[in-house]
Each structure stands twice: as structure tokens, then as C-alpha cells.
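> Predicted model and sequence below, questions to follow.
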Amino acid sequence: MHIRLIYVIIKGLGGDIRTSKKSIISGVLKMDTVTSKIMKMTDQESLLKTKDKRNDLLLKHWFNDKDVSTAGRIIWKGKSKLDHSTDIAVVMSRIVRPSINEKTGRMIQIQILNYGKEYKDFNPMSESICGDCQHKNKSCYVLWHKSIFSSWKRAMKLEELTLDQGIQLCKGRSIRLGTAGDPAAVPAKVWLKLLEDAKNWTAYTHQWHRPEFQEYKEFCMASVDSLEQEKLAISLGWLPFRVGPVEAKMTTNDLYKGLNFETQTIQCPATRYEKGNCADCGLCSGLMVHKKNGDKLQRRNKNFKGIGVRLHGGSTGKYVEPPSINDERYEWARSQVG
């Protein structure tokens with residue numbers, strides 16, 4: 001590791017590491033020690049700007065470059081659990097400067113994308129990353145050919161991170177799983193490791209009705225688009241994230257007015273309060289609650305029945321009727337509840 005870069009990191013730590021040129025040259029300050037010191041800096045200071053600084057320093061240290069790119073990077077690669085054949089990648093973006101989207105708040109963004117070096121490999125909304133989601137190629141709100149394509153193109157060129165490095169970057173941060181793509185495409189154990197020390201997270205899956213994805217209810221909400229889907233998901237033990245029908249869509253004239261469709265869920269706080277956001281809320285994290293005072297993740301209060309939101313944003317004009325639960329895709333789910 002270059003001495004000049006080590007000095008950049010030490011200076012950035014604001015005096016947390018007391019060392020000298022002699023100790024650096026002699027190798028007393030090892031690379032893993034630098035990482036440990038950077039992480040402890042955040043343990044001692046909870047300000048968000050400190051975590052921005054921490055992640056910037058970690059990247060500089062890991063890649064031995066004071067001008068390292070902070071753009072999105074791959075933190076995991078493997079075969080999709082949705083089609084069992086396509087190579088996919090988990091891309092982490094907004095690593096140093098989390099998103100300032102008003103609704104979601106300051107969150108690290110996690111995208112599930114197809115892996116490859118050529119444009120044809122991008123293949124947005126394919127089964128490998130979106131499964132049987134009713135919205136793909138129809139009413140999907142994701143800007144696949146704009147911001148997501150740009151993120152994919154950069155990530156495929158940059159040096160990758162390890163999952164362990166991704167875990168350190170997520171510590172104390174709010175995480176948005178599935179900014180693009182369905183979390184069910186990736187093994188559950190990957191997500192559980194990534195979320196263990198996160199502050200909060202949001203995660204949603206349209207694969208809640210499939211038997212092989214039932215363990216995902218621990219950290220994902222069931223994305224449902226009708227009352228009958230909502231009831232079926234609850235019967236399977238999921239917490240639903242319910243999107244209301246087109247006739248109940250939100251307009252600029254009736255913001256924060258409550259849900260106006262039949263549901264067992266409560267209204268999304270980010271659409272109930274003008275200053276509410278996902279990063280601070282933490283309700284859309286499946287059955288698990290977040291760590292407090294060092295305790296392990298625990299189950300939620302059974303009285304909580306999920307989150308509901310009125311149709312809003314870019315999907316409003318592309319609404320499609322949700323499939324009936326009599327559709328063949330729900331056959332297994334129906335068989336479990338009689």
C-alpha cells in the first residue's frame with residue numbers, strides 16, 4: 001500500500017489512528033488494521049456524514065487509490081434462483097453518497113442485474129431477475145434504460161468488491177434491496193449477511209406465492225396488487241406491501257389523505273407524512289425487526305399487518321389489472337390455505 005495513500009486515510013480519520021511515518025514503513029500498520037480503525041470511527045460517531053466519510057476511506061484503502069471511483073460495484077455473482085441458469089450480479093450503488101430521493105431517503109441502493117460485458121447481456125426485466133412479476137414489460141416503475149443501465153455499465157467495468165466488503169459498507173446504513181430486480185433471484189443467505197448490521201432496509205418480492213421462496217418472508221414484503229392477493233399472502237405468513245387499484249390513485253390534490261381502498265394494511269408513512277421516508281421508517285423489512293442494543297433480529301409484533309400505498313408516480317399511467325389468484329401461478333399457494 002502506498003505511503004501517501006495511507007497518510008490520506010489517516011488524515012481522514014481525524015486523529016483516530018496515532019502513527020508515524022516510521023511505523024508505516026516498518027509495516028506495523030497493516031491493511032486489515034486500517035479497515036478495523038475506519039470501522040471503529042463509525043462505531044463512535046453515528047452522524048450520517050461520518051458514514052459517508054467511512055465508506056469513502058474504505059474504498060480508498062481497499063483499492064489503494066485516493067481518487068477511486070465511488071460508483072456502483074458488484075458485491076456478489078452467481079446463478080439466478082429464478083431461472084437457475086443465468087449469471088446475475090448484485091450491484092451496490094450510492095455507496096458514499098446515499099440517495100436523496102425524498103420518499104426513500106438516504107439509502108444505499110442494491111440492484112439485481114444480469115451479468116455480462118455486452119449490451120445484450122443487460123436484458124432488463126428478464127425472468128432471471130424479475131421472475132413472474134406482473135409489471136415487467138408493462139407497468140414497471142424502474143427506469144431500466146436510464147439510471148439502471150448506466151449503473152450496470154459502470155459496475156461491469158469497475159473492479160468488484162467482496163461480499164464481506166459490502167457488509168462493512170452497509171453497517172449502520174439504510175439499504176434498499178431491489179432498486180431494480182427481485183431479491184428472490186439471489187440466495188437468502190447473501191441478503192441475511194448483508195443486512196445483519198444495517199440500520200434499516202426495504203425489500204419486496206413478487207415471488208411470495210412460490211414454495212421455494214418462503215424463507216424470504218423473514219426479510220421481504222410480499223408485493224401484492226389486489227385484495228385477494230393480499231389475503232392469500234397473509235394466509236401464507238407474509239406481511240404484504242399492497243398497491244391500491246387505479247381508481248384509488250394518488251393525485252397532487254389529495255396527498256397524505258389516507259388509503260381509500262379495502263385493505264388490512266396501514267398506510268405507508270412516506271405517503272402519510274410530508275417528511276416521512278423509508279430510510280427512517282424501517283417497516284418494509286418483512287417479519288424481522290432491527291437490532292437494538294446489540295440484540296439479535298427478532299420477529300415483529302403480530303398485530304402489524306403490512307403496508308399499503310395508493311398507486312402513484314410513473315406507474316400510474318401504465319396500470320394493468322392484477323392476475324386473479326385463480327391463475328395457475330398461485331396453484332401452490334392456494335393449496336396451502338384450503
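Arrived safely, thanks for sending. Numbers count the residues shown, from 1 in each chain.

> any weak-confidence spans in the stretch 151-300 of the chain?
Along the stretch 151-300 of the chain, segments meeting pLDDT under 70 span 250-257, 273-275, 289-300.

> all helices of it, in order?
For the stretch 151-300 of the chain, applying DSSP state H, counting those that start in this stretch gives helices covering 163-170, 188-195, 227-235, 278-281.

> Nearest to I129, out of the ones you listed?
Nearest of the helices of the stretch 151-300 of the chain to I129, taken as Cβ to Cβ: helix 188-195 at 14.4 Å. C-beta: built from backbone N, CA, C; applies to glycine.

> ok, and what's touching stretch 77-84?
Stretch 77-84 is contacted by residues 85-90, 115, 126-131, 160, 182, 184-187, 207, 212-213 when judged by Cβ atoms under 8 Å, 6 or more residues apart in numbering.

> Same check on stretch 199-207?
Contacts with stretch 199-207, where a contact means Cβ under 8 Å, 6+ apart, come from 82, 104, 107, 130-135, 172-178, 182-184, 191, 195, 213, 216, 219-223, 241, 278-282, 284-286, 290.

> which of those count as buried?
Those of these that meet the buried threshold are 82, 104, 107, 130-131, 133-135, 172-178, 182-184, 191, 195, 213, 216, 219-223, 241, 278-279, 281-282, 284-286, by 16 or more other Cβ atoms under 10 Å.

> Strands of the chain, residue ranges please.
Secondary structure of the chain (DSSP state E): strands at 73-79, 87-93, 108-114, 174-180, 200-202, 204-205, 221-224, 240-243, 266-267, 307-309.

> dump the residue contacts of the nearest residue to E160 once chain neighbours are set aside.
Counting by Cβ to Cβ, 6 or more residues apart in numbering, I74 is the residue found nearest to E160 once chain neighbours are left out, at 4.3 Å. I74 makes contacts with 89-92, 115, 155-156, 158, 160-161, as judged by Cβ under 8 Å, 6+ apart.

> List buried members of those by neighbour count.
By neighbour count, with 16+ other Cβ under 10 Å, the contacts of I74 hold 89-92, 115, 155-156, 161 as buried.
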